[in-house]
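>>> the amino acid sequence is not available; the structure is as follows:
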């Protein structure tokens, strides 16, 4: 069993829909990251959080440390949101340079 | 400021050959990490370097090695390439320690034939 599990693996939505991607982890962590990867390969950091909730534009990330669970929400989705969304964690005692990644959720938003 | 830069962007090598991948971190970042991402999987940690010293190593064979230079740039070397080494190799730069995010390069796509 992977230390970081994401669901769903694939997600297709219509433009304007509210989207939720889930992440569960089994190790103690000091931080959780949500990352975006476009087909070209480069990864962009969306959020780094250790408690509560963060919001940036149409993106919202929440984390429940007790339940070892995080969600990434996208409101009013748009075709340009199509990408792979990856959850990663910094294990306790580790550094931000040694992350454990989930397999990613491939999101496709149709116009 | 330039972001994390990696070179080359694409590379095709033959089994048994050796390859060197390069990474320049964001200005001011002293830590560089390397990850391997096989198609359809999340990235896997290979190495972290800080101040020219190895600070972490993932579960990869000794064919994989790396080093960091005084200007904090880094090289990843892979010897005796196998077909299974075909992957996207990502470099990330961070401040070492503290709660700051990692910044990733665009990656080097290595194909071993």
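Received the coordinates, thanks. All figures in this text were calculated on a predicted structure; none of them were measured in a lab.

>>> so which helix or strand takes in the closest residue to residue B:11 other than its chain neighbours?
Closest residue in space to residue B:11, ignoring its immediate chain neighbours: residue B:110 at 5.1 Å, by Cβ to Cβ, 6 or more residues apart in numbering or on different chains. All C-beta spots, glycine's among them, are computed from the backbone N, C-alpha and C. Following DSSP states H and E, the helix or strand that holds residue B:110 is strand B:108-112.

>>> what residue in chain B comes nearest to chain A?
Closest residue of chain B to chain A, Cβ to the nearest Cβ: residue B:42 (3.3 Å).

>>> surely that residue touches residue A:105?
No - using Cβ atoms under 8 Å, residue B:42 is not in contact with residue A:105; the gap is 10.5 Å.

>>> bridging residues for the residue nearest to residue B:11?
With DSSP bridges as the criterion, residue B:110 is bridged to residue B:11, residue B:87.

>>> same check on residue B:91?
Assessed by DSSP bridges, residue B:91 has beta-bridge partners residue B:34.

>>> so what's it up against?
Counting by Cβ atoms under 8 Å, 6 or more residues apart in numbering or on different chains, residue B:91 makes contact with B:4, B:6, B:21, B:23, B:25, B:32-35, B:74, B:76, B:104-105, B:107.

>>> at 7 Å what do you get?
B:4, B:6, B:23, B:32, B:34, B:74, B:105 (Cβ atoms under 7 Å, 6 or more residues apart in numbering or on different chains).

>>> cool, residue B:88 as well?
By Cβ under 7 Å, 6+ apart, the residues touching residue B:88 are A:41, B:37, B:107, B:109.

>>> so where do the strands sit in chain A?
Secondary structure of chain A (DSSP state E): strands at A:4-7, A:10-14, A:19-25, A:29-37, A:43-49, A:52-56, A:59-64, A:69-74, A:83-91, A:100-101, A:105-110.

>>> oh, that last question was meant for chain B, not what I typed.
Per DSSP E, chain B carries strands over the ranges B:5-7, B:10-13, B:19-24, B:31-37, B:44-50, B:53-57, B:64-68, B:74-78, B:87-94, B:103-104, B:108-112.

>>> next, the angle strand B:44-50 makes with the longest one.
Angular relation of strand B:87-94 and strand B:44-50 on a 0 to 180 degree scale: 40 degrees, by axes from the mean of the first three to the mean of the last three Cα atoms, to 10 degrees.

>>> sweet, I'm off.
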